[in-house]
Structure formats: structure tokens, C-alpha cells
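Engineer: For reference, the sequence and a predicted model appear below.
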Amino acid sequence: MNCTSARNRLLHHAEPGPLPANVAGHLAECAGCQAWQRLLGQVDQAVATAPVPASNGRVKRRLIELFRNERSAVTPATTSVVVPARSRMRQRLDQLWPIGLVAAALLVGMIAWINLGGKPQDNTTVAQLPPDPFLKDVVAAKVKIDAAETAEQRLRAWSHLAEILHGEAKDLSQLAPGPEMDSLAGLYEQAVGDDALIAQARLLSDVERKAKLDQFVNQLRDAADMANDWAAKAPTGSDRPLKRIANAAAESKAKLAKLQQGRDV
Amino acid sequence: MTRQILSVALAGLVSVAVGAQGPDALQPGERIELYKKNRNVIERLVLQTVESSKVPNDHLKRADAYYPVLMQFSIEIQSAEGIGEKARVLELTDHLRILLEDGLAPTLDKAKQQVEGGSGVDEFPKVKRDLLAQIGALQQQLEPGSPAGASLVAAKNKVDSITLPEKK
């Protein structure tokens, strides 16, 4: 079965239920037709959720009447079909139908946007999740740390990862007090901790420590201040993980400052 | 009549396409769901990066630290594959490809140069074999010829192309 046949069959398959074997077989192998089927599903859903305007029934009666008249006019004409000459206006209107189509599409699209856009539905949120930019950033940061050739490069890369975690914690603190925030606090503690950021700072020479650590000390000071501010305003449950982040940043800042002064930590 | 049907169908399709366009930023609910979903992978990534950072000059141990990462990705990808989340399978596989090509392969290459003629030369083949076996196991779970499976082929070949170090 080719794509055209499969799609035609899908169009005619109005009722939910198992598809004919040959259509199902084609669908299993054809990503394009799978997308087409999903689109049809979305059309069904959009039509089903479109609001029905209030009516006194007059329009409906007129429409039914029109159909009846058309049918009765067509039935005896099976023997001789007369095609009426088209008026100029009608011809022009016929040429303009694509513009009307686009206008109608935009109108329905706006209604769909208002009704569906930006409101994740409870039962479909998981299925329709977009790619995770945070995961992408963490993967990129890991590769950067692993590919770094020097302690200074690794220090910068760890600092960058700590910033990413810090930012995610800020955003999630308003939304998800609980285990997710605890998890992020734990990750931040690791990133700025003795085995990661501090370990790389220790590997720097005395000259490098004096020259390079200043910016990281400042960054950690800012990170601690910000996390403390957020904790003060955060919903209950998010304040404690944010405090952990603030403490971890402050502790690592103090260690870097000592290293900068040539002291050991 | 065909034209009218076509018009209505096209209008419907275009409207759905327009209506489906959301703002670029993630919705709050989506951010939470994404973190819940990817939490294990993210925690594993950070933990193994810390482990790797503890031994910055032991490249073989650093390469070996990728094994738990591969395992975690494998679990998540197979889980997504099992419930038909094709987009997630593709997303995770693409991240794994990056980790293999830009993280593991260069690290393993450095490890080879480091152990050549040295003490870790006997350990190298086992580390490499285990890593490749893990990638291979995942590939077998993915649909043959699928975009996710295809994206791993080149990455695995890149790791595999690193030859064994020579003994003195």
C-alpha cells in the first residue's frame, strides 16, 4: 500500500477502533503517515472542542431546506443536465476561494490558540513534553568539563555548570517545592564542592590562583546572596534547598578566597 | 464538491498547525515534568563528572566513568521506547551521541596514549569492551533503521575505531 492510499483510508476511517491490517502495516513503517494520522487526530480534537454558537434553529432549518430543494431539483435532471452560464462575479469569486480558505484557517487557528495554546492538559502533558533545555545544558557542560585540558579550563566549566544548576533551582523553587528542589540543591553542592570546582582550584599554581580566582570568588558571593534572597521569598518547602545552595556557595567562596591568599583548604 | 471538502480539510489542518504553535518558553508545568522525568539522568551525569574530575590525569578511569552514564541513558531510552515516546527516544539518543563522540571517544583516545607501554595496558581492552557492549545492547533495543538507532551507529564506530594500545 502506498502513502496516498493509506491516507485516503485513514480519512475514511472515522470511528475510533482497529485499522484494517494493510493500513496498520503501512503505518507501522511510514513515519510520514504516522504524522498524518496524528494530525487527523488533532483535527478531530479541535473540531470536537470548538464552541457551538447559540442559534434559534432558523439557520439550520434553512440549510436543510436548501439541501432538500437541491436534491429535488437534481433528481429529475438525471436525463438532461443543464449547466447554467456562470456570471462574471461568480467566476471572480471562484478564483478568490484560496484567500477565503486562508482567512477561515486563520480564524479557526486563533480560536484553537485561545482554547488550547499554552494550557497543558493534565492527561496529555507527559506525552507532549518538549525537549528539555536543562538536560541539554548539563550534557554540554559535562562534555566541556571532560574535554578540558587544563585545571583552569575545568574550573571555568564547573563554574558554568554551577550557574546552570543555580538558575534551574531559582526557576523551579517557585514551582516545585519538594524532592526536585532537594535534588538540585544536592547537585549544586557537588558542583561547587571539594571534588569538583574546589579540586580544580587546588590544582592551580600560586600565581594562577592570585590572578584567576577573583572572578570565581565574586560569582560565588553573588550566587550565595541571590539564593538567600530567593529563599526569603520562596514558598514553603523551597526555602530550605535554596538555603543549602546559598550555604554551599558561601562555603566554596570562602575556600577559594583562602586558596587565593596562598592558604591551603 | 471536492473543492469544498478539500477547503474544509485544509482549513482544519492549517488551523491545527497554527493553534499548535506555542510560545518558545516552557510552561511551568512542563519544566517540573521535565525535571522529574530527566532527574535520574541529570543526577547521574553530574555524579559521574565529579568522579571523573577526581582523577583528571587518569584517562582510563575517566573513560570508565562513562559506563554508569551509558547504563542510565540505556535504561531511560528503553523505557521511553517501551511506551512509544519516540520524540524522547530521539532526544536522549542524540544527547548520548554527543556524549560518545565528544566526551567518551576523545577520553578513550587519551587513555590509549597514556597506557601505551605502561601499567594500564591490560585494563584498557576490558574497559573499551564493556563500553562498546553497553552501546551495542542499547542499539539492539532500538528499532533497526530508526533515526535513533542510526544516530548511534557513527558514535559507536568512533569509539570502536580507537585501537588497543600496544604492549612494550
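Structural biologist: Done, it's in. Computed from a predicted structure; not experimentally measured.
Engineer: any residues touching stretch A:253-265, and which ones?
Structural biologist: The list of residues contacting stretch A:253-265 from outside it, by CB atoms under 8 Å, 6 or more residues apart in numbering or on different chains, reads A:194, A:198, A:201-202, A:204, A:206, A:209-210, A:213-214, A:216-217, A:220-221, A:224. Just so you know, the C-beta spots here come from the backbone N, C-alpha and C atoms, and that holds for glycine as well.
Engineer: Check stretch A:25-37 too.
Structural biologist: By CB under 8 Å, 6+ apart, the list of residues contacting stretch A:25-37 from outside reads A:1, A:2, A:3, A:6, A:7, A:10, A:19.
Engineer: Would you mind giving the residues you listed as JSON lines with distance to chain B and pLDDT added?
Structural biologist: Shown next, in JSON lines, are the contacts of stretch A:25-37 (distance: CB to the nearest CB, whole Å; pLDDT from 0 to 100):
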{"residue": "A:1", "distance to chain B": "19", "pLDDT": "71"}
{"residue": "A:2", "distance to chain B": "19", "pLDDT": "76"}
{"residue": "A:3", "distance to chain B": "16", "pLDDT": "73"}
{"residue": "A:6", "distance to chain B": "16", "pLDDT": "77"}
{"residue": "A:7", "distance to chain B": "11", "pLDDT": "78"}
{"residue": "A:10", "distance to chain B": "12", "pLDDT": "75"}
{"residue": "A:19", "distance to chain B": "16", "pLDDT": "78"}
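Engineer: Dump these to CSV, plus secondary structure and neighbour count.
Structural biologist: Putting those into CSV (DSSP: H, G, I helix; E, B strand; the rest coil; neighbours: other CB atoms under 10 Å in any protein chain shown) gives the following:
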residue, secondary structure, neighbour count
A:1, coil, 14
A:2, coil, 9
A:3, helix, 12
A:6, helix, 23
A:7, helix, 18
A:10, helix, 19
A:19, coil, 15
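Engineer: Among those, which one lies nearest to residue B:96?
Structural biologist: For those, the residue nearest residue B:96 by CB to CB is residue A:3; the value is 31.2 Å.
Engineer: ok, now how distant is the closest residue to that closest one other than its chain neighbours from chain B?
Structural biologist: Leaving aside its sequence neighbours, residue A:3 sits nearest to residue A:33 (CB to CB, 6 or more residues apart in numbering or on different chains; 5.7 Å). In this structure, residue A:33 and chain B are separated by 14 Å, where distance is defined by CB to the nearest CB, to the nearest Å.
Engineer: Same question for residue A:159.
Structural biologist: Here the criterion is CB to the nearest CB. By it, residue A:159 lies 13 Å from chain B.
Engineer: which residues of the stretch 151-265 of chain A fall in helices?
Structural biologist: A:151-173, A:179-191, A:197-202, A:206-233, A:239-260 (DSSP state H, counting those that start in this stretch).
Engineer: right, and the ones you listed - which one's nearest residue B:157?
Structural biologist: Proximity to residue B:157 (CB to CB) singles out helix A:151-173 among the helices of the stretch 151-265 of chain A, at 27.1 Å.
Engineer: what's the neighbour count on residue 62?
Structural biologist: Answering for chain A, as no chain was given. For residue A:62, the tally of surrounding residues (other CB atoms under 10 Å in any protein chain shown) stands at 10.
Engineer: my question was about chain B
Structural biologist: The number of residues near residue B:62, taken as other CB under 10 Å, comes to 24.
Engineer: now the residue nearest to residue A:3, what's its secondary structure?
Structural biologist: In terms of secondary structure, residue A:33 is helix; the call rests on DSSP: H, G, I helix; E, B strand; the rest coil.
Engineer: Show the pLDDT at it.
Structural biologist: The predicted structure scores residue A:33 at 72 on the pLDDT scale.
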